[in-house]
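S.K.: okay, predicted coordinates and the sequence, questions at the end:
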Amino acid sequence: MNSIGKQVLNALKGEINEIDYQRYIKQLTYDESESKSNLAVYRAPNALIANWVRTKFADKIAHLFEIKTNIKPTVSILIQSAQSTTTAQSQAISSTPTERPSGSLLNPSYTFQNFVVGDSNNFAFIAAKNVSEKPGVVYNPLFIYGGVGLGKTHLMQSVGNVMLSQGKTVIYTSVEQFLNDFTRHLSNRTMDRFKDKYRKCDLLLIDDIQFLSNKNQIQEEFFHTFDALRNENKQIIITSDKPPKKIGGLEERLKSRFESGLVADIQPPELETKIEIIKKKCEINRVKLDREVINYVATIIENNTREIEGILSKLNAYSQLMGVDITIEFARNVLKEQMAEKRSNITTDLIMDTVAKELNIKPSEIRSKSRNSNIVYARRIAIYLARSLTPNSMPQLAQYFGMKDHTAVSHTMKKIQELMKNDEDFRMKIEELSNKVSIATPE
Ligand code: ADP
Ligand code: MG
């Protein structure tokens with residue numbers, strides 16, 4: 001005779017698809033000694049399966065118990081052996097498909113071919129491309145600036161990879177490395193070797209030059225290196241998080257040198273560009289994601305494209321570990337924590353400000369009684385986000401947005417949900433907005 005717990009799983013088999021059953025439900029064992037009439041305890045082989053069963057099947061399991069015993073228990077999915085789970089997980093996660101460049105080596109995957117061009121980075125891309133075709137001639141130096149993770153290092157190394165393949169001498173360095181090298185050669189009395197190295201290359205790539213700020217001795221040395229290279233028509237490419245003018249604690253003569261070539265900025269990518277970058281990264285890392293998942297990932301990443309690789313390897317590792325395909329539900333589940341972290345501290349005020357800014361209206365208009373269609377649209381979105389992202393109740397929101405009562409809020413929620421279901425662009429827009437709100441959250 002099967003235990004009640006087992007009978008319930010057998011009954012569940014008839015209600016869910018075979019693959020889900022084999023992958024998740026079959027892995028569970030009923031813990032008879034821990035279970036009570038109002039508590040059903042199952043053990044899963046690892047946290048992922050446990051999590052998955054909890055979110056996807058716990059309600060169904062409870063319901064089946066109720067049918068059989070007339071009592072609807074709390075269903076608890078615990079992990080068999082915590083120890084074996086953690087090792088399995090960390091192993092899977094550490095098998096990251098790509099590695100960051102180390103030392104002065106170039107990352108071979110940072111190529112023009114692998115760089116997705118959009119409005120946000122078009123200018124810098126073309127500049128870098130031109131430089132790679134005519135190094136030392138067109139723009140010297142090329143100064144690329146922009147926020148973290150927007151592709152500055154990728155672009156500068158793309159030029160490096162082109163020239164490297166032509167047998168040219170390329171040096172890629174950070175301010176810190178340059179400084180360490182300088183100090184070492186100075187104390188070893190081998191400054192001529194230092195000069196040989198940095199002044200005789202064909203291409204010098206200096207990443208994150210903002211760190212030169214307030215380091216006077218190295219600024220002096222860098223100034224001479226710079227002039228020596230440029231006098232020989234050797235190409236210099238510099239990146240920074242801000243334009244030359246805005247780098248504090250930097251000698252004026254360096255600022256003007258940096259501005260003497262071409263200064264190109266990179267802006268945060270638009271949604272379409274993010275999507276293309278994700279596709280590219282999938283291709284490079286051989287990760288298979290369908291369109292829906294790609295769109296979802298695009299909406300949850302911030303402007304920092306660096307997050308993409310982390311997310312892909314996480315999805316990939318989890319899916320390999322569990323032997324399942326990466327469906328949209330799976331992705332949402334795996335990335336839920338990531339989103340949850342971002343989503344604490346969200347207030348209705350913050351939502352209103354973000355929506356107003358995004359839709360180019362005033363926050364006060366959202367709360368006004370205006371029937372202007374733009375404003376109604378913005379108001380609906382703000383209400384939807386406030387209801388989804390904050391703990392406010394419908395009556396509270398009705399009051400906040402100056403609506404008659406909670407039924408007006410509920411009506412709005414239904415409208416937006418319907419739109420999201422039928423219009424994928426709209427759904428993505430909403431997800432992107434809710435992500436923006438999450439990012440805008442103060443500490
Ligand atoms: P930054 O130096 O500006 O902080 P990186 O060059 O290190 O940014 O880029 C972060 C990650 O995002 C890298 O993996 C890079 O390949 C990727 N990336 C950024 N922009 C693009 C793009 N336009 N196309 C393809 N990959 C990109
Ligand atoms: Mg960088």
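M.R.: That came through, no problem. Not measured: the values here are computed from a predicted model. Numbering: from 1, shown residues only. Ligands and ions are numbered 1, 2, ... in the order given.
S.K.: for the rest of this, base every contact and every neighbour count on C-alpha atoms.
M.R.: Fine.
S.K.: right, and residue 223 touches residue 254 too?
M.R.: Yes: with contacts counted by CA atoms under 8 Å, residue 223 reaches residue 254, the gap being 6.5 Å.
S.K.: between these two, tell me which one has more neighbours.
M.R.: Between residue 223 and residue 254, counted using other CA atoms under 10 Å, the more crowded position is residue 254 (17 against 14).
S.K.: the closest residue to residue 270 other than its chain neighbours - how many residues pack around it?
M.R.: Of all residues beyond its chain neighbours, the one nearest residue 270 is residue 120 (7.0 Å), with distances taken as CA to CA, 6 or more residues apart in numbering. Neighbourhood size, residue 120 [other CA under 10 Å]: 16.
S.K.: for residue 354, give its distance to ligand 1.
M.R.: 25 Å (CA to the nearest ligand atom, to the nearest Å).
S.K.: I figured that residue hits residue 436, correct?
M.R.: Yes: under the criterion of CA under 8 Å, residue 354 lies in contact with residue 436, with a separation of 7.3 Å.
S.K.: for the helix or strand harbouring residue 254, buried residues please.
M.R.: Residue 254 belongs to helix 252-259 when assigned by DSSP states H and E. Across helix 252-259, burial judged by 16 or more other CA atoms under 10 Å covers 254, 255, 258, 259.
S.K.: stretch 62-73 now?
M.R.: For stretch 62-73, by 16+ other CA under 10 Å, it's 62, 63, 64, 65, 72, 73.
S.K.: cool, and stretch 298-316?
M.R.: For stretch 298-316, using 16+ other CA under 10 Å, the buried residues are 298-303, 305, 308-309, 311-316.
S.K.: just the closest of those residues to ligand 1, please.
M.R.: When the buried residues of stretch 298-316 are ranked by distance to ligand 1 (CA to the nearest ligand atom), residue 305 comes first, at 4.4 Å.
S.K.: which residues touch the closest one?
M.R.: Neighbouring residues of residue 305 by CA atoms under 8 Å, 6 or more residues apart in numbering: 149, 150, 151, 274.
S.K.: dump the residues you listed to CSV, plus neighbour count, pLDDT and distance to residue 215.
M.R.: Listed next are the contacts of residue 305 as CSV, based on neighbours: other CA atoms under 10 Å; pLDDT from 0 to 100; distance: CA to CA, whole Å:
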residue, neighbour count, pLDDT, distance to residue 215
149, 16, 90, 25
150, 22, 94, 26
151, 26, 95, 26
274, 25, 93, 36
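S.K.: which ones among these map onto helices?
M.R.: residue 274 (DSSP state H).
S.K.: which element is the residue nearest to the spatial centre of the chain on?
M.R.: By CA atoms, centre = their mean, the mean C-alpha position of the chain lies nearest to residue 307, the distance being 3.0 Å. In this assignment (DSSP H and E), residue 307 forms part of helix 306-322.
S.K.: same check, this time on residue 173
M.R.: Element membership for residue 173, per DSSP H and E: strand 170-174.
S.K.: please name every helix or strand in contact with the helix or strand following that strand.
M.R.: For strand 170-174, the succeeding helix or strand toward the C-terminus, using DSSP H and E, is helix 175-187. If you count contacts as 3 or more CA pairs under 8 Å, 6 or more residues apart in numbering; DSSP states H and E, helix 175-187 packs onto helix 191-199.
S.K.: any residue of the very next helix or strand once past the helix it packs on up close to ligand 1?
M.R.: Counting by DSSP H and E, the next helix or strand C-terminal to helix 191-199 is strand 203-207. No: Strand 203-207 is not in contact with ligand 1 by CA under 6 Å from any ligand atom; minimum separation 7.7 Å.
S.K.: and the contacts of strand 203-207?
M.R.: 135, 153, 156-157, 160, 163, 168-175, 198, 234-240.
S.K.: could I have the buried ones of those as PyMOL selection syntax?
M.R.: To isolate the buried members of the contacts of strand 203-207 in PyMOL, using 16+ other CA under 10 Å:
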select buried, resi 135+153+156+157+160+163+170+171+172+173+174+175+198+234+235+236+237+238+239+240
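S.K.: any residue of stretch 230-242 up close to ligand 1?
M.R.: No: using CA under 6 Å from any ligand atom, stretch 230-242 never reaches ligand 1; the gap is at least 7.8 Å.
S.K.: so how far is residue 425 from the residue nearest to residue 270?
M.R.: Here the distance between residue 120 and residue 425 works out to 20 Å (CA to CA, to the nearest Å).
S.K.: thinking again about what came up before, elements contacting the helix holding residue 307?
M.R.: helix 47-69, helix 82-94, helix 271-285, helix 328-342.
S.K.: least reliable of those by average pLDDT, please.
M.R.: Here the helices and strands packed on helix 306-322 differ in mean pLDDT, and the lowest is helix 82-94 at a mean of 32.
S.K.: give me the contact list for the helix or strand just after it.
M.R.: Next along the chain after helix 82-94, taking DSSP H and E as the criterion, comes helix 122-133. The contact list for helix 122-133, computed with CA under 8 Å, 6+ apart, reads 112, 117, 137-139, 142, 144, 155-156, 159-160, 162-163, 264-266.
S.K.: strand partners (parallel or antiparallel) of whichever helix or strand comes after helix 122-133?
M.R.: Following helix 122-133 in sequence order, the next helix or strand is strand 142-146 (DSSP H and E). Using DSSP bridges, the strands paired with strand 142-146 are strand 235-240 (parallel), strand 262-266 (parallel).
S.K.: does the next helix or strand after strand 142-146 come close to ligand 1?
M.R.: Next along the chain after strand 142-146, taking DSSP H and E as the criterion, comes helix 152-165. Yes: Helix 152-165 reaches ligand 1 (CA under 6 Å from any ligand atom) through 152, 153, 154.
S.K.: relative to strand 170-174, how tilted is helix 152-165?
M.R.: Computed by axes from the mean of the first three to the mean of the last three CA atoms, to 10 degrees, the angle separating helix 152-165 from strand 170-174 equals 160 degrees.
S.K.: mind giving me the packing neighbours of helix 152-165?
M.R.: helix 122-133, strand 142-146, strand 170-174, strand 203-207, strand 235-240.
S.K.: tell me how far the third one is from the chain's mean position?
M.R.: Using CA atoms, centre = their mean, to the nearest Å, the distance from the centre of strand 170-174 to the centre of the chain it belongs to is 27 Å.
S.K.: so residue 402 sits in a helix?
M.R.: No: per DSSP: H, G, I helix; E, B strand; the rest coil, residue 402 lies outside any helix segment and is coil.
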